[in-house]
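Peer 1: Next one to model:
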Amino acid sequence: MTLTALNLRSNYIEAIGAQYIADGLRNNMTLTTLDLSRNQIGPVGAQHIADVLRTNKTLTELNLGWTQIEDVGAQHIGHELRNDSTLTTLNLDWNKIGDVGTQSLADALRTNTTLTTLNLSFNPIGHVGLQHLTDALQNNTTLATLNLISDHIGAAGAQHISDILRTNKALTVLNLDSNEIGDAGVQHLTDALRNNTTLIALNVGRNEIGDVGAQYIAQTLQTNTTLTTLDLFGNEIRDVGAHHLADVLRINTTLIALNIRRNKIGDVGVQHIADGLRTNTVINIVFLIYSIYLSTLCHTDTYYIKSRRQ
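Peer 2: Numbering: from 1, shown residues only. Predicted coordinates:
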């Protein structure tokens, strides 16, 4: 038996500890997964781990989330990532990475052909950094999953992301939860999604999206034939928005999972959703349990929605 995964999450490891780990991994040919998240390795520790990427040919998953690496650490990782041909999954969430660090990672994505999953959630990546990321991903043919949760990109950032969706042919999963994009941001995204044939899962939960945004989404779902999972959790969608979504459920044959929990949908809205599902034979679950105005109708129709395929 040989060790293939090492989880050191939530310890007291600092830069010197990261150096010890790096020294051990230089000639290691079995470890594929390393989790150092929630330690305090900092930028210096990130440099030690980055040096490993230069020589190690087996590590495929690296988790440095919440390790205080900041921009300097991200620069070290980005520099080595340019020529790395092994790593497929990289988690750098909660690291105070801003424009500079994001630019370095973006530069790496211009040449890297192995990374398929990148998590930059909970970082102040900024509009400049996001622009660099957008430019890099327009022609990237490898990255399939991008997580940008709570990076405060706003509507302007959503416009940058829409540029990726117009040209990128690899991205299949995009998580923009908690980014304050609003209806204007959703409009940018949905405009790009009308002709996108790659993205299958989109999370725009907790983004202050209202009925107008729901209408933009519904209009896009009339023509988009790729998206299968849509998360609208915790937005501001009311009965009118639910009506828009219900109308498209009658004709869309691709979407199989829709999450609209914790919106502001009442009895009228849930009735529209239920009516839409009577003709939809594809979607298998709609989360309405935590809509604000629950009633007997809502309980009844939610049960109907969940059990209709049983």
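
Peer 1: looking at this protein, which helix or strand is least sure?
Peer 2: Using mean pLDDT, DSSP states H and E, helix 296-307 stands out as the lowest-scoring helix or strand of the chain, at a mean of 36.

Peer 1: Show me what counts as buried in stretch 175-187.
Peer 2: For stretch 175-187, the buried set under the neighbour-count rule, 16 or more other Cβ atoms under 10 Å, comprises 175-183, 185-187. All C-beta spots, glycine's among them, are computed from the backbone N, C-alpha and C.

Peer 1: Next: stretch 9-23.
Peer 2: With the criterion 16+ other Cβ under 10 Å, stretch 9-23 contains buried residues 13-15, 17-19, 21-22.

Peer 1: CA atoms of it as PDB?
Peer 2: What follows is stretch 9-23, C-alpha atoms only, in PDB (Å, rounded to 0.1, in the frame of the first residue of the first chain):
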ATOM      1  CA  ARG A   9      -6.500  20.600   7.100                       C
ATOM      2  CA  SER A  10      -7.000  22.800  10.200                       C
ATOM      3  CA  ASN A  11      -3.600  22.300  11.900                       C
ATOM      4  CA  TYR A  12      -1.000  24.800  13.000                       C
ATOM      5  CA  ILE A  13       1.300  24.500  10.000                       C
ATOM      6  CA  GLU A  14       3.300  27.600   9.100                       C
ATOM      7  CA  ALA A  15       5.900  28.300   6.400                       C
ATOM      8  CA  ILE A  16       8.600  26.100   7.800                       C
ATOM      9  CA  GLY A  17       6.100  23.200   8.000                       C
ATOM     10  CA  ALA A  18       5.200  23.800   4.300                       C
ATOM     11  CA  GLN A  19       8.900  23.600   3.500                       C
ATOM     12  CA  TYR A  20       9.200  20.200   5.200                       C
ATOM     13  CA  ILE A  21       6.200  18.900   3.200                       C
ATOM     14  CA  ALA A  22       7.700  20.300   0.000                       C
ATOM     15  CA  ASP A  23      11.000  18.600   0.600                       C
END
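
Peer 1: Can you give the distance from it to the centre of its chain?
Peer 2: Shown here is stretch 9-23, whose average C-alpha point lies 28 Å from the average C-alpha point of the whole chain (Cα atoms, centre = their mean, to the nearest Å).

Peer 1: go on, stretch 207-216?
Peer 2: 19 Å.

Peer 1: Equivalent analysis for stretch 67-77, please.
Peer 2: Between the mean C-alpha point of stretch 67-77 and the mean C-alpha point of its chain there is a distance of 21 Å (Cα atoms, centre = their mean).

Peer 1: Other residues contacting that stretch?
Peer 2: Among residues not part of stretch 67-77, those counted as contacts by Cβ atoms under 8 Å, 6 or more residues apart in numbering are 36-43, 45-47, 49-50, 53, 64, 90, 92, 95-102, 104-105, 108.

Peer 1: Which members of the residues you listed occur in helices, if any?
Peer 2: Filtering the contacts of stretch 67-77 for membership in helices, criterion DSSP state H, returns 42-43, 45-47, 49-50, 53, 99-102, 104-105, 108.

Peer 1: now, among those, which is nearest to Lys264?
Peer 2: In terms of Cβ to Cβ, no member of those lies closer to Lys264 than Thr102, at 34.4 Å.

Peer 1: which residues sit in contact with the nearest residue to the closest one once chain neighbours are set aside?
Peer 2: Using Cβ to Cβ, 6 or more residues apart in numbering and skipping the chain neighbours, the partner closest in space to Thr102 is Gly129 (3.0 Å). Taking Cβ under 8 Å, 6+ apart as the definition of contact, the neighbours of Gly129 are 97-103, 106.

Peer 1: switch the cut-off to 7 Å
Peer 2: Taking Cβ atoms under 7 Å, 6 or more residues apart in numbering as the definition of contact, the neighbours of Gly129 are 98-99, 102-103.

Peer 1: Spit out the contact partners of Val186.
Peer 2: The contact partners of Val186, by Cβ under 7 Å, 6+ apart, come to 204, 209, 213, 216-217.

Peer 1: meant to ask about Asn11, not that
Peer 2: Residues near Asn11 by Cβ under 7 Å, 6+ apart: Asn39.

Peer 1: Right, I'll call it a day here.
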